[in-house]
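[1] Need a 3D model of the sequence below.
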Amino acid sequence: MGNGISFQRDETAVLFRRYADTVYRLAYARVKNQYDADDILQEVFLRFLRSKNPPQDEEHTKALLLRITLNCSKSFFTTAARRHNVPLTDTVAQPPENRETLDAVLRLPKKYRTVLHLHYYCGYSIDEIAELLRQNPSTVKSQLHRAREKLRVALKGVEF
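    I've put the predicted structure just below:
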């Protein structure tokens, strides 16, 4: 029995090291606050560990973790405590050359931040994002296009 517990801990640690950054960044892109993203990160891995039928391959594991992250961040906005509190100011330090870009992305509506993150950071195709978000691919494609346009306007004159 002790070996099974040890194996589960080792496997969980490997999964956490592999996916924690991806989960955190998606949560942060949605809630715009490092402390809330930390809470969501913990909740995602707790829910994953509690799942009765965890996926057996890499692709499905990542997809499930992202789906749980989306659900947790969606739940975050509907909790009673969150509805009555003012969000904390973000204190994540960013290099000055990226700060304007980060600020512009964080000012976008949540739906645009999410598709940008999944497409550019996670490397998902439009069809894969549509499946994760349970949306039509044409909806995702138009959200991605609108997000790029909004960033282009917001970052006019910014050098990269």
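
[2] out of all of them, which helix in the protein is the longest?
    Longest helix in the chain by number of residues (criterion: DSSP state H): helix 2-31.

[3] what mean pLDDT does that one have?
    Taken as a whole, helix 2-31 carries a mean pLDDT of 78.

[4] Equivalent analysis for stretch 68-83, please.
    For stretch 68-83, mean pLDDT is 75.

[5] buried set for the next helix or strand after the longest helix of the chain?
    Remark: after helix 2-31, the chain's next helix or strand is helix 34-50, criterion DSSP states H and E. By neighbour count, and taking 16 or more other Cβ atoms under 10 Å as the criterion, the buried residues in helix 34-50 are 36, 37, 40, 41, 43, 44, 45, 48. In short, each C-beta sits where N, CA and C put it, glycine included.

[6] Likewise for stretch 20-29?
    Neighbour counts using 16+ other Cβ under 10 Å place 22, 23, 24, 25, 26, 27, 28, 29 of stretch 20-29 among the buried residues.

[7] between those, which is closest to residue 16?
    Minimum separation from residue 16 among the buried residues of stretch 20-29 (Cβ to Cβ) is found for residue 23, which lies at 9.0 Å.

[8] Grab the most central residue of this protein for me.
    Most central in the chain under Cα atoms, centre = their mean is residue 26, positioned 1.4 Å from the mean C-alpha point.

[9] roughly how far apart are the nearest residue in space to that one that is not next to it in sequence and residue 142?
    The shortest distance from residue 26 to any non-neighbouring residue, by Cβ to Cβ, 6 or more residues apart in numbering, is to residue 69 (4.9 Å). Residue 69 sits at a distance of 23 Å from residue 142 (criterion: Cβ to Cβ, to the nearest Å).

[10] Neighbour count for these two, which is higher?
    Neighbour comparison, residue 69 and residue 142: the larger count goes to residue 69, with 29 against 13 (by other Cβ atoms under 10 Å).
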